[in-house]
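Participant: Quick one, what's the 3D model for this:
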Amino acid sequence: MGIDNLTIGIHVLSLASASPPADFFRYLVTTPGAEHWGAVVTGGGRFTALPHRPYPPPGHPSDHRFTWENGRVLGAFQVVYVADGRGEFETRATGPVAIGSGSALLLFPGTWHRYRPAAETGWLEQWVEIGGPLLERMLREGVFSPGKPVVAVSRRLELEARIETLHGLVSRKPTGDAPELAAQALGVLSLLNASTKAQDRPRSVVSAVEQAKRIMEEGSSRPVSMPELARSLGVAYSYFRREFRMRTGISPRQYLLRIRMQRAQRMLGSSGDSLKQVADRLGFSSAYHLSSAFKAEFGVAPSRWRRRKLER
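Facilitator: I've put the predicted structure just below:
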């Protein structure tokens, strides 16, 4: 999926349901027949933990409340996604683990755990509670394991769009057995499974992807041959490209183009350079080439974008 298709898909997905309140939580009542859909959503919410404020927030049912001193054991499976900020997480199996943005915490039924944001940063957490026969089968077969409860999400934009849509449904649905909720929950689990597999890749290719991203970010003023870049990092291009897309959601070429377009946007908005000067500095063959790429990325010609920027 290209950048444009990915962006359009996420935009449509986000508009499919009304957005939930900024901070909220809700637990749903399930009804007979809910298992027909395979997955059942029994709750969801989001919370912005501000720096140096008490955590966790009050108001949750007694079987979901916890303190850092005592931790908690749930009777259900939850996914807690840290969209921004950092903190710490702990289970008996993992011991203390540092958590950063883009991490998903998998809370297994019957497993003691505790987590909290760093006092100096806080964090934004988004969570969903899921049950049902398909999830139970996944847990039995080890698709998700209590031994690996922290997942570095490789396709963050897609996961965040899924959770946002799911939260829109949760905030207005009286029960958790709607097929729309089941579909979104299975989408969340699918993305988490893909991220789990990505974590199990050989460290060599994972390291190559991270190095390639850094090289592109530091040298975005010139075109880069992706096959040559992969060879210089010691990995086959086909393997490198597949792993890069799995970890970022886009191809290496699209990633570099996005970096160059963001640099062009910053340069146009903060300097008096002409479009040709910006094109030359970023390694484009002409101002026309840069203009076409800019309009494809942002939906507006660079000259018009600059005028709007100055007017604001």
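
Participant: quick one, helices of the stretch 51-200 of the chain?
Facilitator: 133-140, 156-170, 179-199 (DSSP state H, counting those that start in this stretch).

Participant: Make a markdown table from the ones you listed and add mean neighbour count, mean pLDDT and distance to Ala93 to it.
Facilitator: From N, CA and C alone the C-beta is placed, and that goes for glycine too. Formatted as a markdown table, the helices of the stretch 51-200 of the chain follow (neighbours: other C-beta atoms under 10 Å; pLDDT from 0 to 100; distance: least, C-beta to C-beta, whole Å):
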| stretch | mean neighbour count | mean pLDDT | distance to Ala93 |
| --- | --- | --- | --- |
| helix 133-140 | 15 | 91 | 15 |
| helix 156-170 | 22 | 91 | 24 |
| helix 179-199 | 19 | 88 | 16 |
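
Participant: Quick one, which of those gets closest to Leu257.
Facilitator: Comparison of the helices of the stretch 51-200 of the chain against Leu257 by C-beta to C-beta identifies helix 156-170 as nearest, at 16.1 Å.

Participant: I'd like the distance from whichever helix or strand Ala264 is part of to the chain centre, please.
Facilitator: Assigned by DSSP states H and E, Ala264 belongs to helix 252-270. The chain centroid and the centroid of helix 252-270 are separated by 21 Å under C-alpha atoms, centre = their mean, to the nearest Å.

Participant: Give me the helices and strands touching that helix, please.
Facilitator: Contacts defined by 3 or more C-beta pairs under 8 Å, 6 or more residues apart in numbering; DSSP states H and E place helix 252-270 against helix 3-15, helix 203-218, helix 226-232, helix 237-248, helix 275-281, helix 287-298, helix 302-311.

Participant: need those helices in CSV with mean neighbour count, can you?
Facilitator: Shown next, in CSV, are the helices and strands packed on helix 252-270 (neighbours: other C-beta atoms under 10 Å):
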stretch, mean neighbour count
helix 3-15, 14
helix 203-218, 16
helix 226-232, 16
helix 237-248, 18
helix 275-281, 18
helix 287-298, 17
helix 302-311, 13
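
Participant: Which among the helices of the stretch 51-200 of the chain is found nearest to Glu125?
Facilitator: Glu125 lies closest to helix 156-170 among the helices of the stretch 51-200 of the chain, at 10.6 Å (C-beta to C-beta).

Participant: CA atoms of that closest one as PDB?
Facilitator: Provided in PDB are the C-alpha atoms of helix 156-170 (Å, rounded to 0.1, in the frame of the first residue of the first chain):
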ATOM      1  CA  ARG A 156       1.600   2.700  14.500                       C
ATOM      2  CA  LEU A 157      -0.600   4.700  12.200                       C
ATOM      3  CA  GLU A 158      -2.800   1.800  11.400                       C
ATOM      4  CA  LEU A 159      -3.100   0.600  15.000                       C
ATOM      5  CA  GLU A 160      -4.000   4.100  16.200                       C
ATOM      6  CA  ALA A 161      -6.600   4.500  13.500                       C
ATOM      7  CA  ARG A 162      -8.200   1.100  14.500                       C
ATOM      8  CA  ILE A 163      -8.200   2.000  18.200                       C
ATOM      9  CA  GLU A 164      -9.700   5.500  17.500                       C
ATOM     10  CA  THR A 165     -12.500   3.900  15.500                       C
ATOM     11  CA  LEU A 166     -13.100   1.300  18.100                       C
ATOM     12  CA  HIS A 167     -13.300   3.900  20.800                       C
ATOM     13  CA  GLY A 168     -15.800   5.900  18.800                       C
ATOM     14  CA  LEU A 169     -18.000   2.700  18.800                       C
ATOM     15  CA  VAL A 170     -17.400   1.900  22.500                       C
END
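
Participant: Identify all contacting residues around stretch 73-82.
Facilitator: For stretch 73-82, contacts defined as C-beta atoms under 8 Å, 6 or more residues apart in numbering pick out 42-43, 63-64, 99-113, 115, 123-131, 135, 139, 153, 159-160, 163, 188, 192.

Participant: Next: stretch 208-228.
Facilitator: Residues from elsewhere that reach stretch 208-228 (C-beta under 8 Å, 6+ apart): 229-230, 233-235, 237, 240-241, 243-244, 247-248, 252-253, 255-256, 259-260, 263, 281-283.

Participant: And the next helix or strand past the lowest-mean-pLDDT helix or strand in the chain?
Facilitator: Lowest mean confidence among the helices and strands of the chain (mean pLDDT, DSSP states H and E): helix 3-15, at a mean of 35. As assigned by DSSP H and E, the chain's next helix or strand after helix 3-15 is strand 24-27.

Participant: Relative to that next one, what are the paired strands and their orientations?
Facilitator: Using DSSP bridges, strand 24-27 pairs in its sheet with strand 40-49 (antiparallel).

Participant: Run the chain-centre distance for the partner strand.
Facilitator: Strand 40-49 has its C-alpha centroid displaced from the chain centroid by 16 Å (C-alpha atoms, centre = their mean).

Participant: Check stretch 292-303 too.
Facilitator: 26 Å.
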